[in-house]
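Novice: predicted model and sequence follow; I will ask about them next.
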Amino acid sequence: MDSPFVQRNGNSNLIARSPSLSRGAAAALPKLSLVASAQESPERKKIAMIGTGYVGLVTGTCLAQLGHSVVCVDTDPAKIGALQRGKTTFFEPGLHDLIVRNGCAGRLTFSEDIARAVRESEMVFIAVGTPVGEDGSADLSAVRAAAAAIGRHLNGPKIVVLKSTVPVGCTELVATIVSENSPGDYQVDVVSNPEFLREGCAVNDFMEPQRIVVGTSSAHAEAVMRELYAPLSAPFVAADERTSEMIKYAANAFLATKVSFINEIANICELVDVDVKTVGLGIAFDERIGAHFMRPGIGYGGSCFPKDVRALERLADASSYDAVLLRAVDAVNKAQIARAFARIQDALGGSVEGKRAGLLGLAFKPDTSDVREAPALYLIELLVAAGATVTAHDPAAMESARVATSRNVTYVPHLYEAIDECDVLILATEWDDYKNLNFRMVKKLMRGDVVFDGRNCLDPDKIVTEGLRYLGVGRAKEPLTF
Ligand code: NAD
């Protein structure tokens, strides 16, 4: 029997049947309280999702959950093959469950056949990657390829929704490419609809978005987009295409700025013997500042902040504007890793050569298997290049780390194995599993006594009580000795 995840011949599997969630099954989903049941979706649409990565897979699956008929396509056959076999290609809380449920209900299929996906859909989403290009600007080659493919297979009017994060003007570029490749004169509205989901809580972020941003100059396309997102009851920000594109970059640049700001404050705190945790608390009560993104660490990573800050800076540069602040945000972030490494070296007597580092956390943040631009991987590069050996653990990201780094790292399945016989214990990602380590056990296992808390999420008192030395980020004069 065919897998329910494979797009079969004929139209049957692209046409959604009414979903029927049992009460128990629905309760098992992550916080879907605000989600109208799929039956409440005003009109069921046939949707193609081009790009089945973090954004495409989450968005496609959640749209299926809302009752739409979604086919997710990708140029990576391994990814599509795995999804067709019911295997989710990365870790994202709640996602696998939804994929299985919607696949079984016939609303969600996976295919390599972009031609058919475009032909049989009324809306085509583009959710391909826009990685950093050689000069720092966004590499739009995947967006261009997706747009050309859509154009080639047009067979009627469609709405094309650009979900990828793209520089100002790209929605118009996509419209041009689609039209240049089209075999006929079809009405195609290309809409900007930037994505704001956060990995680690992406399903909830889709289902309970803080806002929906849509950029279009077409009244028809705006009406369709409003209807599509109506079940989510989120504020709807309507803009033109270019404004919508800029909103996404401005949001990420602001968040990255907050991180680099508190990191810089932490660095100064360290030098003047002040605890940044209390400073953070003291400023966060000011509503104009707020508590979010006020925790210092070893820098931001991930597939968005680093590349989007650089892309916005390049966009400004192309218009002869020197974006001094954005360059500084990026520079502080890069320096944060170098600073962490230097402090670890100092704590180990000036060199890490021949030392063993136990590293906890590889993902760029907790609750994801994504290691793109993860600070932990940069730290590994520095440690190994300086002659240290690294034993690492992560609850979800060891496989992706193994693929992403050429460095010789030992990956261990149990976190205490990473600590065994290490000279320095480094916490690089604040997974819950790491927050309540048994430091008596840690002390017994370690060869050395330095604990570097790169996320300020450990309790220094518990660590020093066991005779270990604690190094946080901006915590006080360090290393503390007792
Ligand atoms: P990703 O790398 O995880 O996924 C992109 C997918 O597109 C890959 O599976 C790739 O094989 C596929 N692809 C590339 N070219 C293709 C083509 N021509 N046809 C079909 N498939 C193709 O990327 P992502 O993290 O999902 O990000 C996608 C976009 O969304 C980026 O622009 C990113 O900046 C933006 N975004 C990402 C996040 C996030 O948290 N990851 C959040 C908001 C916005």
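Specialist: Perfect, I can see it now.
Novice: so residue 252 touches residue 306, yeah?
Specialist: No. Shown here, residue 252 and residue 306 do not form a contact pair, counting by C-beta atoms under 8 Å, at 9.7 Å. All C-beta atoms are positioned from the backbone trio N, CA, C, and that covers glycine.
Novice: so the closest residue to residue 394 other than its chain neighbours, which state does it fall into?
Specialist: Residue nearest to residue 394 in three dimensions, not counting chain neighbours: residue 362, with 4.0 Å by C-beta to C-beta, 6 or more residues apart in numbering. Recorded secondary structure, residue 362: coil (DSSP: H, G, I helix; E, B strand; the rest coil).
Novice: cool, residue 267 as well?
Specialist: helix.
Novice: pLDDT averaged over stretch 260-271, what's the number?
Specialist: Average pLDDT, stretch 260-271: 96.
Novice: and the pLDDT for residue 405?
Specialist: 88.
Novice: pull the contacting residues for it.
Specialist: Going by C-beta atoms under 8 Å, 6 or more residues apart in numbering, residue 405 touches 377, 380-381.
Novice: that one and the ligand: what is the separation?
Specialist: 17 Å (C-beta to the nearest ligand atom, to the nearest Å).
Novice: cool, residue 474 as well?
Specialist: Residue 474 is 27 Å from the ligand, where distance means C-beta to the nearest ligand atom.
Novice: equivalent analysis for residue 127, please.
Specialist: 5 Å.
Novice: what sits against that residue?
Specialist: Residue 127 is in contact with 49-53, 55-56, 59-60, 163-164, 195, counting by C-beta under 8 Å, 6+ apart.
Novice: return the backbone torsion pair for the closest residue to it other than its chain neighbours.
Specialist: Nearest residue to residue 127 in three dimensions, chain neighbours excluded: residue 56, at 3.4 Å (C-beta to C-beta, 6+ apart). Main-chain torsions, residue 56, degrees, to the nearest 10: phi -60, psi -40.
Novice: do the same with residue 94
Specialist: Main-chain torsions, residue 94, degrees, to the nearest 10: phi 90, psi -10.
Novice: run a quick neighbour tally on it.
Specialist: The burial count assigned to residue 94 is 20, neighbours taken as other C-beta atoms under 10 Å.
Novice: hang on, isn't the residue nearest to residue 127 packed against residue 47?
Specialist: No. Using C-beta under 8 Å, residue 56 makes no contact with residue 47, being 11.0 Å away.
Novice: overlap in contacts, the two.
Specialist: Common neighbours of residue 56 and residue 47 (C-beta under 8 Å, 6+ apart) are residue 125.
Novice: which one of the two has more residues nearby?
Specialist: residue 47 (27 against 24).
Novice: what helix or strand is the more buried one on?
Specialist: strand 46-50 (DSSP states H and E).
Novice: what sits up against that strand?
Specialist: 14-15, 56-57, 59-60, 63, 68-74, 114, 117-118, 120-128, 146, 149-150.
Novice: burial count for the one residue in the stretch 201-350 of the chain that gets nearest to the ligand?
Specialist: Residue nearest to the ligand within the stretch 201-350 of the chain: residue 303 (4.6 Å; C-beta to the nearest ligand atom). If you count neighbours by other C-beta under 10 Å, residue 303 ends up with 23.
Novice: same question for the strand holding residue 47, mean pLDDT?
Specialist: pLDDT averaged over strand 46-50 gives 98.
Novice: spell out which parts of the stretch 301-450 of the chain neighbour the ligand.
Specialist: For the stretch 301-450 of the chain, the contact set with the ligand under C-beta under 6 Å from any ligand atom comprises 303-304.
Novice: on that earlier part again, assign the residue of the stretch 201-350 of the chain closest to the ligand to helix, strand or coil.
Specialist: coil.
Novice: what's the closest non-adjacent residue to it?
Specialist: Excluding its sequence neighbours, the residue lying closest to residue 303 (C-beta to C-beta, 6+ apart) is residue 372, at 4.2 Å.
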